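# Could you look at this predicted model? Sequence included:
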Amino acid sequence: MSEIVRRNIALIQAITISVLMSMAIMAAATPAIAKSSRYRLGGSLGFGGSGVTQVATVQDQLTIVERSEGPAVISIFADRLLSDFFSLGIEHTRGVNFAPFSMGSSFTGVSARWYFWGPAASVGDTEGEKPLLLIRRFTPYVGGAVGAAMATIKRDNDLVPSIEGSGVYFGIRLGADYPLAPGIGIRPEFLYSTTIFQSPTLSSSLSEYSLGCGLFILL
């Protein structure tokens, strides 16, 4: 049962990453004159981490084992403004450990953002010879996310060389969008996610947090 759950979660994450890569290829191949839609594609780098907590047997005793990937968190995302105040998108984040290098935990899901302070900042491109107004201001938002999380974190020369976990996560998103130039914007953001429903065959939980900044382009 555990292997089936993990395969399904891996399939969901692979499909999400494929969609993000396809959108990036389409963006590169699309003429600039057509880049006036409301789709946004980007990535971010933050300070934080992600990890898994699992109950394991160590020397014939049940012990809580914690492993994390940090201090960096990377993510890729794509979203669309459904209105001036609301956006919906997909995301994929991973914790990054440098010594030894590993990225064994991942969170993949759907995110929504509400721009409560006013309409989302314009990062419009030009359309033919008609320029679009670019307003440089931070537009704060609050949002949430839901999706599938999985982790397999290995550490050599340890009493528990490998721990793993998977489940459904919920998260919060706090940040702001700011237009740098026509078609380009930045997104400082704080995120926190934790699993609510875990795999029934694994006594484990996963979580992540990050304070970082992203860059996105208008497709």
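Perfect, I can see it now. Note that the coordinates shown come from a computational prediction; the quantities given were computed from them, not determined experimentally.
# what comes up buried for the helix or strand containing L215?
Following DSSP states H and E, the helix or strand that holds L215 is strand 204-218. Within strand 204-218, the residues scored as buried using 16 or more other CB atoms under 10 Å are 204-210, 212, 214, 216-218. For every residue, glycine as well, the C-beta is placed using N, CA and C.
# any idea how far N157 is from the residue located most distally from the centre of the chain?
Distance from the C-alpha centroid of the chain, by CA atoms, centre = their mean, peaks at D60 (37.7 Å). Distance check for D60 against N157: by CB to CB, to the nearest Å, it reads 20 Å.
# what do you get for G109?
Separation of G109 from N157 (CB to CB): 34 Å.
# average model confidence for the helix or strand harbouring I76?
Take DSSP H and E as the rule and I76 turns out to sit in strand 71-81. Averaging pLDDT along strand 71-81 gives 94.
# Which positions in the next helix or strand after that strand come out as buried?
Sequence-wise, the next helix or strand downstream of strand 71-81 (DSSP H and E) is strand 86-98. The neighbour-count criterion (16+ other CB under 10 Å) identifies 87, 89-97 as the buried residues of strand 86-98.
# Reformat those residues as TSV; add distance to L191 and pLDDT.
As requested, those are arranged in TSV below (distance: CB to CB, whole Å; pLDDT from 0 to 100):
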residue	distance to L191	pLDDT
S87	15	93
G89	13	94
I90	14	95
E91	9	95
H92	12	95
T93	8	95
R94	13	94
G95	12	92
V96	15	93
N97	18	89
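# Pick out the most distant pair among those residues.
Spanning the widest gap among those are S87 and N97, at 30.9 Å by CB to CB.
# Can you list the residue ranges for helices in the protein?
Remark: helices assigned in the chain by DSSP state H are 2-29.
# pLDDT below threshold where in it?
1-37, 122-135, 197-203 (pLDDT under 70).
# 90 - rerun?
1-39, 50-70, 81-84, 97-105, 118-137, 150-167, 179-184, 196-205, 218-219 (pLDDT under 90).
# Which residue is the nearest non-sequential neighbour of Q54?
S204 (3.8 Å; CB to CB, 6 or more residues apart in numbering).
# make that I172, sorry
Nearest one to I172, counting by CB to CB, 6+ apart, is Y192 at 5.5 Å.
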